[in-house]
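Trainee: Okay, sequence plus prediction incoming.
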Amino acid sequence: MSISFNEIPQNVLTPFTFVEFDNTNATRNLQGSQPYKILVFGQKLDSGIAETGKLYRVLDEGSAERLFGPSSMLHHIFVNLKRNNRVNEAWAIALPEPGSERLLTITEAAAETEYGLTLTKGSQTETISFSSDNDPTTEEIINGLLGQLRDSEAIGIVTLRDETLKLKLAEDWKAETSGPLSLAEAQDGRATGQIDMKDVATGDGFFSVYIGGLSYQVQVKTGDRASDIAPQLVSEINENPLSFVAAELSGNNDINLTAKQAGAIGLDIPIGFNYNEFDFFPQGLEGAEITPMGSSGRNPDISEVIGSLDEIQFNVIIMPYTDQENLRTLDTFLEDRWGPENPLDGHMFIGSGENPERQIEIAESLNSRQITMLDAGNFPVPAHLFAAAVAGLNSRFASIDPARPQQTLEVRGVLPPKAPKKREVRDQLLKAGVSTTTAQSGKVYIERLVTTYTRNAIGSLDPSYRDLAVKQTLSFLRWDFRRLFASRYPRHKLAMSDERIGPGQAVLTPKSAKAEAVALFRQWELAGLVEDIDQFKTEIVVQISPTDPNRLEFLMTPNLINQLRVIGAQISYIL
């Protein structure tokens, strides 16, 4: 009998006692929890030391503040994330601020016209051009320029969006156009809002404003005018190191608010008066008005940095940008990772502060098993920060037990809405693929986490991926199955039968592989992830491929355990 040693040679003649260690049998039991990693997309401020487009592991709020800048978008996200999860690894990648790119637009499509772009750096010159004898379409012109731009060393990044080429020039390069081309700086568009102060106080009290969930109060005495109160409120806002906005006093005692972070994310900052039940206007100041945040620029483009993720698996991804292009990019990326060829699956969390009707429209248009959209309507905190808090909470408990429902878990660090939605409204949101929470005694609790997937490819209702717990349980089963066979059978031979093969040989057969799969299922069953082992044993198929003798194939039909969501009871009483 010959034993399959891993390292000990067979032809040694000198006397010696060889002993090797083999860890392939060390992991016979279920390996506890799947190691979860969280990824956050977002923006930094100039005060942060992190480089854009680079992955950073963030240990705590202090690390986020140092890397991305105090009160930056990423700093705020990690404050909310860490309040709900200090267990799982968390990483971030900062995107460049909108406005650092150039937009190249075709102003006219015409025959026998040359479309040119001259790029210079010192004595270096590059020329990119396109022309056609026929009448070209805008798409043809763009395609004619696109390949040249992507090959140019002067262009750092080039992407196509809505018939516009977005360019990022490499360092020290300059660009000039010729022909009907327009090259303009992209506008950063920091969102702006306003607080309109009016009248004179006829009673004592506190003037209370909430911006992004942060409270600002000014003590008011009888006779105080708007011109007395407004400067104090401006100071309160600007002196808060976590403030989402910078405040400036205008000539008519209005307070102009400008988001610190550039781009459309500034629209996510809610502004309101008198949130708490003990907040109220001092008499005479009830006429104060708010102009919500508006007039922002666009979001950054995550396609510029998504390549930095390489072969790293992130189980939960916090996505603050909800524009169609970015969501489509990340959804496609995650859908690819959900497939068998690149099993590095993850799940995206987004928030929506829209009204219920609009949220239903958005969820139905997404219809993705890769996305969980949180209802953040009427919340006094930015929707993306609410999503970050819930995503952190989900990651923490899904890594412990992905099949266990998460209803009643408290979402820490977020203020509940002043007017929570009724149950029938939340039920409609859930049916459309919008995840919901409840509020009680000033606290917020998860009600049900779902994906936006509700219909299959032919438009029929399909509940197969409704609950996020289903997807996260499947993710664990695949991870554990691959872990088992990769660690226990890393260098085994494959045989149809081991009846005539000696003990100790590194040989795997369909029969022994089936036994391993059934034993693994039993471990899953003991952990409360699946049920009905008799059905599993009856239906499992393990075979050597009829077209490839080196390939082992499994067909498994695990019955996933369900979650207790709804209870129905009838009390048929007797007098």
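Mentor: It's in.

Trainee: okay, now the domains of this protein?
Mentor: Structural domains assigned to the chain are 1-30+490-575, 37-96+301-471, 102-185, 192-294, following automatic domain parsing.

Trainee: My guess is Leu477 contacts Pro558. True?
Mentor: Yes. Taking contacts as C-beta atoms under 8 Å, Leu477 lies within contact range of Pro558: 6.5 Å. For the C-beta atoms, the positions are set from N, CA and C on the backbone; glycine is no exception.

Trainee: of these two, who's got more company?
Mentor: Per other C-beta atoms under 10 Å, whichever of Leu477 and Pro558 has more neighbours is Pro558, with 23 against 20.

Trainee: While we're on that one, how confident is the model there?
Mentor: pLDDT recorded at Pro558 is 97.

Trainee: Quickly note the distance from the residue nearest to Gly353 when sequence neighbours are not counted to Ile77.
Mentor: Excluding the flanking residues, the one nearest Gly353 by C-beta to C-beta, 6 or more residues apart in numbering is Ala383, at 4.1 Å. Ala383 sits 12 Å away from Ile77 when distances are taken as C-beta to C-beta, to the nearest Å.

Trainee: Give me the more crowded residue out of those two.
Mentor: Using other C-beta under 10 Å, the more surrounded residue of Ala383 and Ile77 is Ile77, with 29 against 25.

Trainee: What helix or strand is the more buried one located in?
Mentor: According to DSSP states H and E, Ile77 maps onto helix 73-84.

Trainee: Output the contacting helices and strands for that helix.
Mentor: Helices and strands touching helix 73-84, by 3 or more C-beta pairs under 8 Å, 6 or more residues apart in numbering; DSSP states H and E, are strand 37-43, helix 61-68, strand 89-95, helix 383-398.

Trainee: What mean pLDDT does the longest one get?
Mentor: Okay, so that is helix 383-398. Average pLDDT, helix 383-398: 98.

Trainee: Quick one: distance of it to the chain centre.
Mentor: Chain-centre distance of helix 383-398: 10 Å, with C-alpha atoms, centre = their mean, to the nearest Å.

Trainee: And for stretch 556-575?
Mentor: Stretch 556-575 has its C-alpha centroid displaced from the chain centroid by 33 Å (C-alpha atoms, centre = their mean).

Trainee: For that stretch, buried residues please.
Mentor: Buried residues in stretch 556-575, counted by 16 or more other C-beta atoms under 10 Å: Met556, Pro558, Leu560, Ile561, Gln563.

Trainee: same question, stretch 390-405
Mentor: In stretch 390-405, the ones that count as buried by 16+ other C-beta under 10 Å are 390-399, 401-403, 405.

Trainee: which ones are touching Leu560?
Mentor: Residues in contact with Leu560 (C-beta atoms under 8 Å, 6 or more residues apart in numbering) are Ala403, Val470, Thr473, Leu474, Leu529, Val530, Glu531.

Trainee: Quick check: the gap between the nearest residue to Ala363 once chain neighbours are set aside and Ile360.
Mentor: Using C-beta to C-beta, 6+ apart and skipping residues adjacent in sequence, the residue nearest Ala363 is Gly433, 3.9 Å away. Computed as C-beta to C-beta, the Gly433 to Ile360 distance reads 8 Å.

Trainee: So for the two, which sits in the more crowded spot?
Mentor: The neighbour count for Gly433 versus Ile360, taken as other C-beta under 10 Å, is higher for Gly433 (26 against 17).

Trainee: From Arg565, how far out is that one?
Mentor: Distance from Gly433 to Arg565, by C-beta to C-beta: 16 Å.

Trainee: Please enumerate the shared neighbours of Leu477 and Pro558.
Mentor: With C-beta under 8 Å, 6+ apart, Leu477 and Pro558 have common neighbours Trp524, Val530.

Trainee: Check whether Val414 sits in a helix, strand or coil.
Mentor: Three-state call for Val414 (DSSP: H, G, I helix; E, B strand; the rest coil): coil.

Trainee: In contact with it, which residues?
Mentor: Taking C-beta under 8 Å, 6+ apart, we find Val414 in contact with Asn80, Gly213, Phe379, Val381, Leu385, Phe386, Ala389, Val444.

Trainee: cool, and Pro292?
Mentor: Listed by C-beta under 8 Å, 6+ apart, the contact partners of Pro292 are Gly193, Pro270, Ile271.

Trainee: picking up where we left off before, now secondary structure and distance to Glu424 too, for the contacts of Leu560, in TSV please.
Mentor: Compiled in TSV, these are given as follows (DSSP: H, G, I helix; E, B strand; the rest coil; distance: C-beta to C-beta, whole Å):
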residue	secondary structure	distance to Glu424
Ala403	coil	28
Val470	helix	25
Thr473	helix	29
Leu474	helix	31
Leu529	coil	33
Val530	strand	34
Glu531	strand	33
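
Trainee: burial count for Leu409?
Mentor: Leu409: 19 neighbours (other C-beta under 10 Å).

Trainee: In which helix or strand does the spatially closest residue to it that is not a sequence neighbour reside?
Mentor: Leaving aside its sequence neighbours, Leu409 sits nearest to Ile446 (C-beta to C-beta, 6+ apart; 4.8 Å). Here Ile446, judged by DSSP H and E, is contained in strand 443-448.

Trainee: Can you list the strands that that strand pairs with?
Mentor: Next to strand 443-448 in the sheet, as set by DSSP bridges, lie strand 410-411 (antiparallel), strand 434-440 (antiparallel).

Trainee: now the protein, which segments are flagged as low pLDDT?
Mentor: When residues are selected by pLDDT under 70, those of the chain lie in 1-2, 27-32, 99-101, 156-163, 171-172, 185-188.
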